[in-house]
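Visitor: please find the sequence and the predicted model below.
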Amino acid sequence: MGDVFLTLLLSALGLLLVSAGIEDARSRNIANWKNAAIALLAPLWWWANGLGLWPDVAIQLCIASLVLTFFVGAYALGQMGGGDVKLLAALALWLPAQPLLGMLVLMSLVGGALTVVMLAERWTQLRGGITALPWRTIAPVALAFAILLALGWAGWPGFVALAASQPVFAGLGVMIVLGAIGVGLIGAMRAARRGGILPETPYGVAIAISTLLILREPIFNQFT
């Protein structure tokens, strides 16, 4: 019964994430009820996993508060929507520190890749042809993300080990990576605006994809 209940909770989370990602891709908006549902299901997840109020639940609430505070800053800078920030905070109620750090790294990489694709698509629409793509802007950003993906793939086992043994250092490393990617994205956005392109990255899609990747083992291998 316990495994069945955990699977039902994870399935509900997966469906909500897919729905939120589709909605964000279509309308750049995530309904408040979806974020609220994810947040309200978290206590059931805690109970099903046997978390105690102290210190387990208290730590999870602290993590969620830190995530909310950090990404409210991204919202204030106009780099992320309010629905995206709420979704991240709600997911932080579910994910322990190590999976959460992995999800944030994946989110930043997927979000950056989506931004590059949207820059190329938007420029093509405005300039009327593939030959008009601003490769001086797109190529360096794409190359940077390709390098980050390669480094991430090569160093993922080491990062997981570090997150397990030294979560503080791993967290600082993630914040540095996110900051560097954020600076790169801001630069790309400014260059795009100067060229008449105003893309709005669907971070809800990136969040949904990265979380599902992190949760793929519990969702699909619950009974193995």
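Guide: Received it, and whenever you're ready, just let me know what you need.
Visitor: from residue 55, how far out is the closest residue to residue 93 other than its chain neighbours?
Guide: Nearest non-adjacent residue to residue 93, counting by CB to CB, 6 or more residues apart in numbering: residue 42, 3.7 Å away. All C-beta atoms are positioned from the backbone trio N, CA, C, and that covers glycine. Noted for residue 42: a distance of 16 Å to residue 55, by CB to CB, to the nearest Å.
Visitor: quick one: which of the two has more around it?
Guide: residue 42 (21 against 10; other CB atoms under 10 Å).
Visitor: list the buried residues of the helix or strand encompassing the more buried one.
Guide: Using DSSP states H and E, residue 42 falls within helix 32-48. For helix 32-48, a neighbour-count test (16 or more other CB atoms under 10 Å) marks 34-35, 37-39, 41-42, 45-46 as buried.
Visitor: near residue 76, how many other residues are there?
Guide: Neighbour tally, residue 76, other CB under 10 Å: 10.
Visitor: likewise for residue 25?
Guide: 13.
Visitor: dump the residue contacts of it.
Guide: By CB atoms under 8 Å, 6 or more residues apart in numbering, the contact set of residue 25 is 202, 204-205.
Visitor: closest one of the buried residues of helix 32-48 to residue 105?
Guide: residue 38 (20.4 Å; CB to CB).
Visitor: for residue 102, which non-adjacent residue is spatially closest?
Guide: residue 214 (5.6 Å).
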